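A.B. asks: pasting a predicted model and its sequence here:
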Amino acid sequence: MRPIRKTFRYAAIAMLAVAASSVSAEEPTRGGTLIWSMGGTPRHLNPAVQSGIWTGQPGAQLFATPLRFDENWNPHPYLAREWDISDDGLTVTLKLVEGATFHDGHPITSSDVAFSIMTVKANHPFKTMMAPVESVETPDDLTAVIKLSKPHPALLLAMSSQLLSIIPEHIYGDGQDPKSHPRNSEDVVGSGPFKFVEFKRDQHIILERNENFFIEGRPYVDRIIMRIIKDPSSRTIAVEKGETLLATFEANPRELARMKENDQLVVTDQGYAAIGPLVWLAFNHQREPTSDPAVRRAIAYAVDRNFIINALLLGAPTEARTGFHPGSIFYEPDVEPYDLDIDKANQLLDEAGYERGADGMRFPLTVDFGSAFTRPHAEYLKPQLKKIGIDMTVRASPDFPSWAKRVSNHEFDLTWDVVFNWGDPVIGVHRTYLSTNIKKGVIWSNTQGYANPKVDEMLDLGGRELDAEKRRAIYSDVQKLLADELPVYWVHTLPYHTVYSKRIGNPPKTIWGTSSPLDEIYVRPE
Amino acid sequence: MSVLTLLVRRGGNGLALLLAVLVLNFTLIHNAPGDVADTIAGDMGGADAEVMAQIRRDYGLDRPFHEQLLAYVGKLARGDLGYSFFFNQPVTELLLERLPATLLLVLSAQVLAIMLGTVLGVIAARHPNGLLSHGVTIFALLGFSAPVFWTGIMLIILFCSIFPVFPVAGMIDVTVEGGWFVKTLDVLYHLFLPMVTLASIFLALYSRLARASMLDVLGTDYVRTAQAKGLSEFQVVYKHALRNALGPVVTLAGLQFSGIVSGAVLVETVFSWPGLGTLAFQSITARDAPMVLGILFFSSLVVIVANLVTDLVYSLIDPRIRIGHRG
């Protein structure tokens, strides 16, 4: 059984056709500098031990991964020219490209791959990515054989973008803790399309073309300067003026609306499907009355998703009806959408026996919010839920850790939350619903305290099903079941957008967007 | 009393003050909800219980409060400010990396505000009910009451977008090639808008103070005497009166140094100025205790030194004030 290999072959043919047509359209410009603005500063630049979008973007330029994905979720060869999954799904064999070297000239061998996988397994915060990996064998310099304890379809995505950076063993294998290794911030050596030049925290990251990149003739750009500009309106003006040519992870609706009006700029939400950021309203299942499904459904019916998307956020986000990002291949839109219906909401509460008191209120609840982005969402609930007799108190937290403390210790009724899918459901979706992941003190675990053995079982099946169609069917059923039980009420995507000047050719479009190697991007002369 | 005695006595007081500041702040950070493990997990898009426990072990956050405090003070006594939890880099290194940017911004803004503010104040004082005086008052009030981030954004929109003459953000343009002279010009070019923005708050204070103080002085006998003996208006105002009117301005300037970190946070954020202010803000929200304490330790030092310098400057502009003489 090799369905994935097959998909890959077909996809490769399709890709060749696409590549051929785009080549005939325009020859990429070589040289030049890509100036790119980012809204945050990375802790350091080694994605093997640090997750997150600010490390992931430069990280994907510095470090190559075994695989890469296109815009349709198909895997493609990258550092691994071939991969093979055994019929029982317990052995994954990678064949590395020949002659690939790290930026310091050392050849990349299977031993670096084994070292990287074990470093990620031991240190990366997303434990589920490499948890089934028992060992990595290296029969020869270019072959790495990954031995798994159970079939693990998530492994393919977990070997792309920023999730499995191949790091040099001769540097990081020196016995120091890789999480605080000095070479994470200085003189960083990977094998990606760009080499490290300078990292000044809160100022810039400078990268230059890797002339020995293992893909002949790439990258096209000579230099990348990532400017760290934290103020969103400054980033807008910089890209409007042409001071920067690319802005990524832009989510401010007003700034986006303004940039959309500029005919020199392209504003797109393509490139965020894998990261899959979602905004939802979470319920505490270990408290009354939110432990009652009728109350959760009533609140969902009373919240007007369209108003939030179009009035509060100026149409920037996309509707999300489930815990999967709408750009995911597993997204199931055919579930109860909980469109606005105040009467139905009131009826549900009446039937469940929540009577209105003398003041017209049935019960009080508080709502928290974890980021400034969802403050309007929280404030909106007060007048809106009053219509169904819920007396809301909006509770602001001074900063992220204060909110995280409350929510991760289950000290909340409702909270707005922003959670990312991170590629495969096993990495970023299961964690919210598995009863085994109710872990006090850990943010973005199952902080709702939701437990359903049926859901646990289905997620476990989905996590080990290698057949793409069967896997999709399992996740479709999970989404329908969850939409009925409503552990959280999913509302919309976090409207991450990429903004780029029309001078940019081959803009980042894959599912990982700018968190994947930009070896094909080029800058047309002014 | 000699300058030396003053230095020794102030030094002793300063040390005690520093220790108090550190213990107080250590307690505050320790008791703030959440810790650096929460922040790191948040930054990384999630983490499991084991990873978070590991982070807490690595940074000694699982030890009792008094042990952590003693360990910190002990290290500090040996001159070691420790490692930043969040950035995994020595605090001293990070501090020194950021200090020049903040000093440049705050000092240049202060100098601009003091000079311009004094001149405006004096002009206003000479004709206290004139149009110019009212103009200065209104201008000063606007500068003072407008939120500084708003002023900053407005200046950016005006001078970077509508009339694109200044760069939007940062302290340098890394694409600029050339020798130190070109690079210095580039920094000054980037400095202009944040400096003006930060100066706009202080300008109000200084001009109002200079005006009031000048009005007082202009009404005194010795000024009348100077006028009576036929000195020119310029000499009376700028040589005789101004010198005495400057006292309060200098006091205020000294006090303003306490705001060296806090005052610049917003301006640094709006202009992506890589200074201590943004670092402080980030470190507080990240619960990066060693970094926060390092910055507070450093800014306490600055305040203590600034107060000392203020006292010394007093004696220069007004010989009646003796150093260390407490009346």
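C.D. replies: Now that the structure is in, tell me what you want to look at. Numbering: from 1, shown residues only, chains lettered A, B, ... in the order given.

A.B. asks: for chain B, what are the nearby residues on the stretch 101-250 of chain A?
C.D. replies: Proximity of the stretch 101-250 of chain A to chain B, by CB under 8 Å from any CB of the partner chain, involves residues A:125-127, A:177, A:179-180, A:184-185, A:200-204, A:206, A:225, A:227-231, A:233-235, A:237-238, A:240-241, A:243. All C-beta atoms are positioned from the backbone trio N, CA, C, and that covers glycine.

A.B. asks: pLDDT weak spots in the chain?
C.D. replies: I went with chain A, as the question did not name one. A:1-25 (pLDDT under 70).

A.B. asks: you answered for a different chain; I wanted chain B.
C.D. replies: Looking at chain B by pLDDT under 70, you get B:1-3, B:257-263, B:315, B:317-327.

A.B. asks: how many other residues sit next to the residue in the stretch 301-450 of chain A positioned nearest to chain B?
C.D. replies: Closest to chain B within the stretch 301-450 of chain A is A:Pro401: 2.5 Å, counting by CB to the nearest CB. Neighbour count for A:Pro401, taken as other CB atoms under 10 Å in any protein chain shown: 26.

A.B. asks: that older thread, now which of the residues of the stretch 101-250 of chain A next to chain B would you call buried?
C.D. replies: Neighbour counting over those (16 or more other CB atoms under 10 Å in any protein chain shown) leaves A:125-127, A:179, A:184-185, A:201-204, A:206, A:225, A:227-231, A:233-235, A:237-238, A:240, A:243 as the buried ones.

A.B. asks: who touches A:His44 in this structure?
C.D. replies: Each residue near A:His44 by CB atoms under 8 Å, 6 or more residues apart in numbering or on different chains is listed here: A:Gln50, A:Thr55, A:Asn184, A:Ser185, B:Phe87, B:Asn88.

A.B. asks: redo that, cut-off 10 Å
C.D. replies: Shown in contact with A:His44 (CB atoms under 10 Å, 6 or more residues apart in numbering or on different chains): A:50, A:54-55, A:58-59, A:179-186, A:188, A:199, A:201, B:87-89.

A.B. asks: what does the stretch 201-327 of chain B have sitting close to chain A?
C.D. replies: By CB under 10 Å from any CB of the partner chain, the residues of the stretch 201-327 of chain B that approach chain A are B:266, B:268-275, B:278-279, B:281-282, B:284-287.

A.B. asks: what residues of the lengthiest helix in chain B count as buried?
C.D. replies: The residue-count maximum for a helix in chain B (DSSP state H) belongs to helix B:180-218. By neighbour count on 16+ other CB under 10 Å, the buried set for helix B:180-218 is B:186-187, B:190-191, B:193-215, B:217-218.

A.B. asks: which residues in chain B form strands?
C.D. replies: With DSSP state E as the criterion, chain B has no strands.

A.B. asks: neighbours around residue 303, how many?
C.D. replies: The chain I'm using is chain A. Neighbour count for A:Val303, taken as other CB under 10 Å: 21.

A.B. asks: chain B is the one I meant
C.D. replies: The number of residues packed near B:Val303 is 19, by other CB under 10 Å.
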